[in-house]
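J.: Any chance you can model this:
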Amino acid sequence: MTKAEIQLVRALADKRGRTEHGLFVAEGEKLIGELRASHLHVRKIFALEGVFAGPEVETVGTREMERLSLLKTAGNSLALVEIPHYELDMRALSGRLTLALDDVQNPGNLGTIVRLADWFGITDIVCSESSADCFNPKVVQATMGAILRVRVHYTGLAQFLERAAAGGLPVYGTFLEGDNIYETELAQAGIVVMGNEGRGISDAAAEAVTRKLFVPPYPAGRRGSESLNVAMATGIVCAEFRRQANAGGGK
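T.: Just a heads-up that it's a prediction; the model follows:
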């Protein structure tokens, strides 16, 4: 392991470095094993002795792994992976449920939402350009491998939502006021917009929303937490969409 390789890994902790080199970092035997079996290209693996084998693998010691790792506690392996590039095709989204994230900033929240999307069979997430980077090391780790199966796109979100609505796709948004999600017939295909952790959905994105939804506390009228974490809210909303689809209640 060279000094230049250590500097490269350190550079990939920052979005500018990831963009410049076209690489992201993944750590841990399970995640890297999944990456090697996926469509993504693993360029280099640093691992403790006996963890991995192959021409792209370099065996390092515990101290070297601690120097390389971007996590608080170093694992037994670290990989440099080429960042994939996916085309955002509106036509391909027309028959399925898609998540849209409006300026979600917390890497842990984004990673959890990617995991939730994978769990509920949602293959595409469309993010505003100011949302957290899905290849941030904290996001990659939080996805627990779901980043391999969920395509995350970055674009001008308000314009994307306007095109979706103009094309006949329902655009749902979560607000403090709106239709009770449990009393509303939900379409099986459409866009579901989740907002920023503190500000919610921006005015620009809200203008393209065709159906406003509200997630009430249970039981109705009970005083509880002031608000839901965006990742928690995403899980609740996705679960209700899927429940209705499985029950045949969605359009």
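
J.: who does the top strand by length along the chain pair up with?
T.: Longest strand of the chain, by residue count under DSSP state E: strand 171-180. As defined by DSSP bridges, the strand partners of strand 171-180 come to strand 190-194 (parallel), strand 211-214 (parallel).

J.: mean confidence for the last one?
T.: Per-residue confidence for strand 211-214 averages out to 94 on the pLDDT scale.

J.: same deal with the longest one?
T.: Model confidence over strand 190-194 averages 96 on the pLDDT scale.

J.: ok, and what's touching that strand?
T.: Strand 190-194 has contacts (CB atoms under 8 Å, 6 or more residues apart in numbering) with 93, 97-102, 104, 113, 126, 161, 164, 169-174, 201, 205, 209, 230, 233-234, 237-238, 241. Just so you know, the C-beta spots here come from the backbone N, C-alpha and C atoms, and that holds for glycine as well.

J.: got the CA coordinates for stretch 157-174 in PDB?
T.: Provided in PDB are the C-alpha atoms of stretch 157-174 (Å, rounded to 0.1, in the frame of the first residue of the first chain):
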ATOM      1  CA  LEU A 157     -36.400  18.200  -8.900                       C
ATOM      2  CA  ALA A 158     -39.100  20.900  -9.400                       C
ATOM      3  CA  GLN A 159     -38.700  20.600 -13.200                       C
ATOM      4  CA  PHE A 160     -38.700  16.800 -13.000                       C
ATOM      5  CA  LEU A 161     -41.900  16.800 -11.000                       C
ATOM      6  CA  GLU A 162     -43.500  19.200 -13.400                       C
ATOM      7  CA  ARG A 163     -42.700  16.900 -16.300                       C
ATOM      8  CA  ALA A 164     -44.100  13.900 -14.400                       C
ATOM      9  CA  ALA A 165     -47.300  15.600 -13.600                       C
ATOM     10  CA  ALA A 166     -47.700  16.900 -17.200                       C
ATOM     11  CA  GLY A 167     -47.200  13.300 -18.400                       C
ATOM     12  CA  GLY A 168     -50.100  12.100 -16.200                       C
ATOM     13  CA  LEU A 169     -48.200  10.600 -13.300                       C
ATOM     14  CA  PRO A 170     -49.700  11.300  -9.900                       C
ATOM     15  CA  VAL A 171     -47.300  13.300  -7.800                       C
ATOM     16  CA  TYR A 172     -47.800  12.800  -4.100                       C
ATOM     17  CA  GLY A 173     -46.300  14.900  -1.300                       C
ATOM     18  CA  THR A 174     -46.300  14.600   2.400                       C
END
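
J.: In the protein, what helix or strand scores lowest on average pLDDT?
T.: Ranked by mean pLDDT, DSSP states H and E, the weakest helix or strand in the chain is helix 90-93, scoring a mean of 86.

J.: about what we covered before: mean neighbour count and distance to D133 for the strands paired with strand 171-180 - can I get that in JSON lines?
T.: Listed next are the strands paired with strand 171-180 as JSON lines, based on neighbours: other CB atoms under 10 Å; distance: least, CB to CB, whole Å:
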{"stretch": "strand 190-194", "mean neighbour count": "24", "distance to D133": "17"}
{"stretch": "strand 211-214", "mean neighbour count": "17", "distance to D133": "28"}
